[in-house]
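>>> Fold the following, please.
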Amino acid sequence: MTIKQFILLLWKHKFWITIPPILVAVGVFLLTSNMPREYESKTIVFTNPTTNQGATDGGVVRMDFYTSNNLFDNLTLLVKSRQTIEEAALRLLAQHLSLSQSDKEIIGENSLNELKSHVSQTLWNDLAVPGNEKETFARIQSHYLRYEDSPIEYLLREHDHYAISRIIERLYVSRKASSDMMEIAYRTNDPGICYHTLRLITDGFMSRYSGMKEMENINSITYFQNQLVIAQDKLRAAEENLKSFMTENRILNYYEQGKYLDIAKLEHEQDEERSKRLISGTEYNLNEIEGMFENFDKRQVIIQQIGQLQDYIVSKNMEMQGLLLQQEKSSRIAMLESEISNLKAQIEDASTELFKNSNSLNGLQRETILEEWLRLKISFEEQKQALDVMQNRKVYLSDKIEEFAPLGAELKKLEREVSVNEEQYLSILHGLNMAYLKKYDLEMSSSQRLIDEPFFPKTPLPSKRALLTLGGGIATGFIMLSLVFLTFFLDNTIKSGPNAEKVTGLKVAGAWVDENRMERAVIREKLTQKQIIQCYNQLNKYLPKAGKKIILFYSLKPDEGKTFLIKNLVQELNRQNKDVVYWGMQPDTDRMPCATMPYPDLTSIHDNFEAYWENKISQTDKEFILWEMPNLTASPLNYSLINQANALVMVLDAERKWTQADLHLLNNLKEMVEIPHLIWLNRMKSDELEDIIGEIPKKRSLIRLKVKKLLS
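Numbers count the residues shown, from 1 in each chain. You can find the predicted model right below:
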């Protein structure tokens, strides 16, 4: 839609767009003439959902945009909860029933009389305790809970001042910017009721919120106390299991004992290795010394031999002394001396041999070697016994390690169980302490405080009469404007030349206005001349310069104005002194200002059509032959006849709807047509006609003429 079409559409439906909104605005203005005035009271509550949170208990609360909004949504729902509103409504009713006389600062005279019309005097006397709101409230609450269909229930359901739904509708709760402040406002038509209703709702909200917080804290304390007992029992059971395990397995310190066994095993292996090396050396030295003791027997033989030789010398000396005493010189003495000398020589040789056997090759004496052998022998035996003891200890250590090693995993498991239970116990104990701190904090200070107390509204709010009137008019205007646009976009008629070319695929040759809806200011003669000249000029482009000019006219449906448009074209051709003949289904000389000829019966001449055609063409001497074909849906088509013409014109009613059947029929025709194929639109609206022929000649006002002159 172009700007021009938009403006023309608005101008065309100007009455529908302007008159209904004006009527609605006037109606709203008249209906709101007696609208009651409203009073409003406000209060600001410091909710403290985040400030100093966790300051006393050492906790850290992370607050972000969504968490903060969630907290304030919870507070808003609590203010508007049914229980809060119901309690405030009952207390308000108790306040009104307990009045001994009318008080404008509590309830107006009209409101009090209206309340008396709903509560009978007997029930009023039964429930009311003059001057005592608490007792009255207790009686009202008891009566309300006891009787389901009591007047109290009706008031809480239907009354304008006490109905829970009405109070919620007039109650406004909002957050002040991004602060911790929450504004609560209430509106009604009685200033006293407005003030006291807001006050009671605020008191009920703060009381319920504080009670909820305290109840949450009490529940937390109870939970932590119960969990602390459970955690303590679990910790004691785990410690008892650990104690029994260490007692049964004689474990003082598993890690130190294990370390001791590892060190003892390592040291034992080192000692065993040293003992093996030492006993090996001792055994070697002992074997060496024992090798020196192989000549001990020979030494004894030599000693015995020396002793025998000495005995022989002694006996020989005694014999020789006896012979000397006898002072006899004999050969026997010389022989004895010779034997003694020989024996001494043998003794000397034996002594030499004995000396050799009494000392080692290393120059040691045999006594020293013997002492060393005795020492090494004793040491060797001790070392053998020590090595046996080491072997036994090695077996003991190995058995002890095999016995001690698996205890580590079980001990670790028991210690971990004790550690987990201990951490759980300490965590629960910490939570219990924090809950107690929070409880004391709630007892010492309230989390909500009234920053601005509810005030008594002395002046009513500005009237909404003007706003309602303006809103009603604007809303109605918007609805009417939407309907106009919806009707325009849902309209599937041809309407305009561009739309006709779009849906048919043919070029528009001309257009004709709908004369039944033509404006009075239009100069009919000039418009008719302009329309017919525009169509003639478009058709003339496709006609031969010399010879007969044949134009076929058809329509897809009846009553689309073919004859009417052809008549206007004939008048234009007559004005140009052109010879014209009209061939139609029912030629009427009176209606058509030219020579006429009946349209041939195509069925009867189908076989000799070309001869018939040439005969008819040759018989006429007219330059322009205008043929009006019957509707395509009413008679068969002869494509040979159509293609013999110079141009084919489809007359199309711009006010009719274009259907899929029309498109299908036109496409079939376009496939067989070889000559220029054009559209002549009929019954067009003035504003759509301008897109084809230009400005429509009208009688312009003086202002428009001056504006046009300035723009030019």
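>>> give the contact list for Pro460.
With contact taken as C-beta atoms under 8 Å, 6 or more residues apart in numbering, Pro460 is in contact with Arg37, Glu38, Tyr39. C-betas here are computed from N, CA, C, even on glycine.
>>> show me what contacts Arg332?
Glu319, Leu323.
>>> any idea how far it lies from Lys344?
Using C-beta to C-beta, to the nearest Å, we find Arg332 at a distance of 18 Å from Lys344.
>>> what do you get for Glu283?
Separation of Glu283 from Lys344 (C-beta to C-beta): 46 Å.
>>> for the chain, what spans make up the strands?
Counting by DSSP state E, the chain has strands at residues 39-46, 171-175, 181-188, 449-452, 507-513, 549-554, 580-584, 595-598, 624-628, 647-653, 677-684.
>>> TSV please, covering these and showing mean pLDDT, mean neighbour count and distance to Phe137.
Output for those, formatted as TSV (pLDDT from 0 to 100; neighbours: other C-beta atoms under 10 Å; distance: least, C-beta to C-beta, whole Å):
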stretch	mean pLDDT	mean neighbour count	distance to Phe137
strand 39-46	87	20	21
strand 171-175	88	17	21
strand 181-188	88	20	20
strand 449-452	72	13	22
strand 507-513	92	23	81
strand 549-554	91	22	91
strand 580-584	86	23	98
strand 595-598	74	15	103
strand 624-628	89	22	95
strand 647-653	93	24	80
strand 677-684	92	23	79
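>>> Dump the ones you listed to TSV, plus distance to Ser315.
Shown next, in TSV, are the strands of the chain (distance: least, C-beta to C-beta, whole Å):
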stretch	distance to Ser315
strand 39-46	147
strand 171-175	149
strand 181-188	149
strand 449-452	147
strand 507-513	183
strand 549-554	191
strand 580-584	202
strand 595-598	206
strand 624-628	198
strand 647-653	187
strand 677-684	184
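>>> Any idea which of those gets closest to Lys464?
For the strands of the chain, the distance to Lys464 is smallest for strand 181-188, at 11.1 Å, taking C-beta to C-beta.
>>> Setting aside sequence neighbours, what's the nearest residue to Asp662?
Leu556 (5.3 Å; C-beta to C-beta, 6 or more residues apart in numbering).
>>> What about the one you found, how many residues nearby?
Using other C-beta atoms under 10 Å, Leu556 has 22 other residues around it.
>>> show me what contacts it?
Asn631, Leu632, Thr633, Met650, Leu652, Asp662, Leu665, Leu666.
>>> ok, now with 7 Å
Residues in contact with Leu556 (C-beta atoms under 7 Å, 6 or more residues apart in numbering) are Asn631, Leu632, Asp662, Leu665, Leu666.
>>> any idea how far Leu652 is from it?
Relative to Leu652, and taking C-beta to C-beta, Leu556 is found at 8 Å.
>>> According to the record, where do the domains of the protein fall?
Domain assignment for the chain, taken from automatic domain parsing, gives 3-32+464-488, 39-219, 494-711.
>>> Kindly reformat those domains as TSV containing distance to Asp388.
Converted to TSV, the domains of the chain look like this (distance: least, C-beta to C-beta, whole Å):
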stretch	distance to Asp388
domain 3-32+464-488	116
domain 39-219	68
domain 494-711	119
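>>> Relative to Glu410, which of these is closest?
When these are compared by C-beta to C-beta, domain 39-219 sits nearest Glu410, at 38.6 Å.
>>> so where's the stretch 601-712 of the chain shaky on pLDDT?
Low-confidence segments of the stretch 601-712 of the chain (pLDDT under 70): 601-614, 700-712.
>>> Please identify which of the contacts of Leu556 is nearest to Thr43.
The nearest one, if we look at these relative to Thr43 and count by C-beta to C-beta, is Asp662, at 71.3 Å.
>>> what residue ranges in the stretch 51-200 of the chain score low on pLDDT?
Across the stretch 51-200 of the chain, the ranges flagged by pLDDT under 70 are 51-65.
>>> Please, where are all the helices along it?
Under the criterion DSSP state H, counting those that start in this stretch, the stretch 51-200 of the chain contains helices at 65-79, 82-97, 109-116, 121-127, 133-146, 151-158, 164-170, 191-248.
>>> which of the ones you listed is buried the deepest?
helix 82-97 (a mean of 21; mean count of other C-beta atoms under 10 Å).
>>> Show me what it is packed against.
In terms of contacts (3 or more C-beta pairs under 7 Å, 6 or more residues apart in numbering; DSSP states H and E), helix 82-97 is packed against helix 133-146, helix 151-158, helix 164-170, helix 191-248.
>>> and if we set it to 6 Å?
For helix 82-97, the elements it packs on are helix 133-146, helix 164-170, helix 191-248, judged by 3 or more C-beta pairs under 6 Å, 6 or more residues apart in numbering; DSSP states H and E.
>>> Distance to Ile7 for the ones you listed - can I get that in TSV?
Listed next are the helices and strands packed on helix 82-97 as TSV, based on distance: least, C-beta to C-beta, whole Å:
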stretch	distance to Ile7
helix 133-146	65
helix 164-170	44
helix 191-248	50
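>>> Averaged pLDDT, stretch 522-529. What do you get?
Stretch 522-529 comes out with an average pLDDT of 87.
>>> Just the buried residues of that stretch, please?
Val522, Leu527, Thr528 (16 or more other C-beta atoms under 10 Å).
>>> which one among the residues you listed gets closest to Ser33?
Nearest to Ser33 out of these is Val522 (C-beta to C-beta; 46.5 Å).
>>> mind listing what that closest one touches?
Ile696, Lys698 (C-beta atoms under 6 Å, 6 or more residues apart in numbering).
>>> Leaving out the residues flanking it, which one is nearest to Asp514?
Of all residues not flanking Asp514 in the chain, Arg683 sits nearest, at 4.1 Å (C-beta to C-beta, 6+ apart).
>>> Same check on Trp124?
In this structure, Trp124 finds its nearest non-sequential neighbour in Leu97, 6.3 Å apart by C-beta to C-beta, 6+ apart.
>>> In this structure the one you found contacts Asp126, no?
No - taking contacts as C-beta atoms under 6 Å, Leu97 lies outside contact range of Asp126: 10.1 Å.
>>> picking that back up, for the residue nearest to Asp662, give me the pLDDT.
pLDDT recorded at Leu556 is 88.
>>> Now do the phi/psi pair for it.
Here is the backbone geometry of Leu556 (degrees, to the nearest 10): phi -80, psi -30.
>>> And the one 4 residues further on, by the same measure?
The phi and psi values for Glu560, taken as degrees, to the nearest 10, are phi -100, psi 0.
>>> quick one: Gly497 and Gly694, what's the gap?
As judged by C-beta to C-beta, Gly497 and Gly694 stand 12 Å apart.
>>> if you count what's nearby, which of those two comes out ahead?
Using other C-beta under 10 Å as the criterion, Gly497 and Gly694 rank with Gly497 on top: 21 against 10.
>>> residues contacting that one?
Applying C-beta under 6 Å, 6+ apart to Gly497 gives the contacts Val508, Asp691, Ile692.
>>> Can you add distance to Gln571 and give those residues back as a markdown table?
Below are the contacts of Gly497 laid out as a markdown table (distance: C-beta to C-beta, whole Å):
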| residue | distance to Gln571 |
| --- | --- |
| Val508 | 21 |
| Asp691 | 25 |
| Ile692 | 20 |
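>>> Could you point out which of those residues is nearest to Ser68?
Asp691 (59.9 Å).
>>> Could you check how many residues crowd around that closest one?
Asp691 has 17 neighbours, counted by other C-beta under 10 Å.
>>> go on, Gln321?
The number of residues packed near Gln321 is 12, by other C-beta under 10 Å.
>>> Same question for Leu539.
Using other C-beta under 10 Å, the number of residues around Leu539 comes to 20.
>>> coming back round to it: which stretch among the helices and strands packed on helix 82-97 comes nearest Tyr582?
Nearest to Tyr582 among the helices and strands packed on helix 82-97 is helix 164-170 (77.2 Å), distances taken as C-beta to C-beta.
>>> what comes into contact with that closest one?
For helix 164-170, contacts defined as C-beta under 6 Å, 6+ apart pick out Lys80, Ile85, Glu86, Leu156, Asp160, Tyr186, Arg187, Thr188.
>>> mind redoing it with 7 Å?
Contacts with helix 164-170, where a contact means C-beta under 7 Å, 6+ apart, come from Lys80, Arg82, Ile85, Glu86, Ala89, Leu156, Asp160, Tyr186, Arg187, Thr188, Thr197.
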